[in-house]
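[1] This is a predicted model, with the sequence first.
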Amino acid sequence: MSADPIFSVSGLTKAFGEGEGEVLVLRGIDLAMEAGEMTALLGPSGSGKSTLLTILGTLMRASGGSHAMLGVDLMHASDAERTEFRSRHLGFVFQFHHLLPDLSALENVMMPAAAAAGRETRAMRSRAMDLLDAVGLADRRDYRPSAMSGGQRQRAAVARALINNPVLVLADEPTGNLDRQSADQVMDLIRSINRTMATSFLISTHDEHIAAKCQRRIELLDGRIVRS
Amino acid sequence: MNRYAVKLAIRHLLAHPGQTALLMAGVALGVSVFIFMSALIGGLATLLTQRTVGSIPHAVLEMPDRDPSVLVPSGAAQVVLQKDLSRRDQIAIWQPAVPIIEKTPGVTALSPQIRGSAFVERGQAVAPVGVIGVQPGKLSDIADIDGAMVDGTSTLPADGILIGSRLAGDLGLRVGQVVRLSSDRGRARSFRIGGIFSLGIASADRQAVYMNFTTARALFDLPTGISRIEIKVQPATDAPRIAAALRRSTGLKATAWTEDNSQLFEGLDAQARTGTIIKAFSLITIVVGIASAMLLSIVRRQAEIGIMRAMGASKGLVVSIFVLEGTLIGLVGAVVGALAAWLALLPLPPVSEVRSGGLPIDRAQGDFLLAVTLTTLAAMLASILPARNAARIDPVEAIGQ
């Protein structure tokens, strides 16, 4: 393991509920990722994959342990600091594309940058065009999500995750809703971005076929890493 | 102003054009009601005030009442100053008061008068009248007698009088005829009827008789003093304040028209309050409508809000988007409503030309700007709470991960 990881967590726990009803979803996770890594996070449903991704994405706080990324202590950062950090360094791809229905593909890709800046700029527009080009949707830039296929939407979602030039993209079952052919397209796209832009990806999946396309695999079971 | 918030707010509104149009139409309707009520209540007040104060003095200056007063308060015997009933009330030294009254701000006209009661006799017919002796040239300063003439001329020669149309009708009098007037001072003389007026006020048209100031002095035995000074002020609603000022500066008893017409004022007040309540309800309706529409919109967009928050959008941006959305509905609806109300009120006649049975709507008192401003503010306030709820949406729950 490199001496300079992009993030590291140790002894990370997450409990939902309180008292007798408490459910421990993560039971002490130790994990670090290097820059440029493409890692598959495997495990059956309920193993804690999504929860781990959500915590790493600063969308939820862990119950215990430490969580640092790029030298920032995210366990103890304020909500506003975490929002700002998320906007600058992290990208997300979800199982469902979650594109905004009232915006075109191009506007959707620009959204995370525009939301941070308070307006859309020419530079954002040109970067978003490059990204749409990279995901093969240059000719769909003015289409609303409702006019695009499932695979196209998910590729647009990948482009959106990259607009702020994140260090790490967290992808939760990014191909879970796609047919085999579209899933392969999306995975090939992620792999090529990982190579050309040196963006790190952490991809949760229960599909061996997907995991096989990644350099590293981490297996989760009952909230613990069982193989890394 | 966050331009991206403006863009998204407009996109949200355009995404459901039918619903947006319906909401704006609702706001427009509320604003029209607001403006209509303002114009109607204002017009009614103007009409009633005009009709009431048009022909009456706005304030009357008379000698203060001399109530019985105790001169020596202590001791077994009391010395009381009794009202002198053997002499009539008059303002004995009145000339010095005239320039003081004329210089008082708000006073537009002034008319010193000799007043007295008399009987008009023509053959066997007798009618009691109130004689008003006015200075030549000041005849129409209080009531517009010149404009109310229906027969004859309004000049006041020493032997001429002007009578009301009802009195003329009752006694069968015509211009040029001679009648005899006996005053309550026991003096009598004959006058020629120079003109007949009709003010539209039954009491004046039946009982008022105008005559020359100097002639009236003789008829009522008032060689130097006068009975009262009547004044007009602008605006008429300032009369109580001006009357109080005149009371201090002249030492005379000053009675504003509002004191004798308190019922009219109570009526106008009640009207204005009713109008305010209706206007408040139309604003409340707008607030409730916009707040519920925003709440629904936010529930529908929960996942979108979650995804934006996950992608780094600040809570402030989310609040801005939805507050702007509500404000825009209010602003556009209000402008449309104001425009519609303006157009609808355009063909209505001005209040002064309203015939009986018509609604006296005064477009100038429609409060268009106030309606638009209040509605826009109300819309903004209505969307703040829903927008704050939107900002509190947890991205994780909203995205359903």
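    Structure's in. What do you need?
[2] So for the residue nearest to the spatial centre of chain A, what's the pLDDT?
    The structure's chain A has its C-alpha centroid closest to A:Leu170; by Cα atoms, centre = their mean the separation is 1.6 Å. On the pLDDT scale, A:Leu170 is placed at 93.
[3] near chain B, anything from the helix or strand harbouring it?
    For A:Leu170, the host element (DSSP states H and E) is strand A:168-172. Yes: with Cβ under 8 Å from any Cβ of the partner chain as the measure, strand A:168-172 is seen reaching chain B through A:Asp172. Backbone N, C-alpha and C define where each C-beta goes, glycine included.
[4] which helices and strands sit right next to that strand?
    Packing contacts for strand A:168-172, counted by 3 or more Cβ pairs under 8 Å, 6 or more residues apart in numbering or on different chains; DSSP states H and E, involve helix A:49-56, strand A:90-93, helix A:150-162, strand A:200-205.
[5] Give the pairing partners of the shortest one; include direction for each.
    In the sheet containing strand A:90-93, the strands it pairs with under DSSP bridges are strand A:168-172 (parallel).
[6] Can I get the helix or strand following the partner strand in PDB? Just the C-alpha atoms.
    Remark: after strand A:168-172, the chain's next helix or strand is helix A:180-197, criterion DSSP H and E. What follows is helix A:180-197 as a C-alpha-only set of coordinates in PDB (Å, rounded to 0.1, in the frame of the first residue of the first chain):
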ATOM      1  CA  ARG A 180     -25.500  -6.600 -20.400                       C
ATOM      2  CA  GLN A 181     -24.500  -4.600 -23.500                       C
ATOM      3  CA  SER A 182     -25.100  -1.200 -21.900                       C
ATOM      4  CA  ALA A 183     -23.500  -2.300 -18.700                       C
ATOM      5  CA  ASP A 184     -20.300  -3.300 -20.600                       C
ATOM      6  CA  GLN A 185     -20.400   0.000 -22.400                       C
ATOM      7  CA  VAL A 186     -20.600   1.900 -19.100                       C
ATOM      8  CA  MET A 187     -17.800  -0.200 -17.500                       C
ATOM      9  CA  ASP A 188     -15.500   0.200 -20.600                       C
ATOM     10  CA  LEU A 189     -16.200   4.000 -20.300                       C
ATOM     11  CA  ILE A 190     -15.300   4.000 -16.600                       C
ATOM     12  CA  ARG A 191     -12.100   2.000 -17.300                       C
ATOM     13  CA  SER A 192     -11.000   4.300 -20.100                       C
ATOM     14  CA  ILE A 193     -11.600   7.400 -18.000                       C
ATOM     15  CA  ASN A 194      -9.700   5.800 -15.100                       C
ATOM     16  CA  ARG A 195      -6.800   5.300 -17.500                       C
ATOM     17  CA  THR A 196      -6.800   8.600 -19.300                       C
ATOM     18  CA  MET A 197      -7.800  11.000 -16.500                       C
END
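[7] so how far is helix A:180-197 from its chain's centroid?
    Offset of helix A:180-197 from its chain centre (Cα atoms, centre = their mean, to the nearest Å): 14 Å.
[8] same question, stretch B:114-122
    Chain-centre distance of stretch B:114-122: 35 Å, with Cα atoms, centre = their mean.
[9] That stretch: which residues count as buried?
    Of the residues in stretch B:114-122, B:114-116, B:118, B:120-121 count as buried by neighbour count, 16 or more other Cβ atoms under 10 Å in any protein chain shown.
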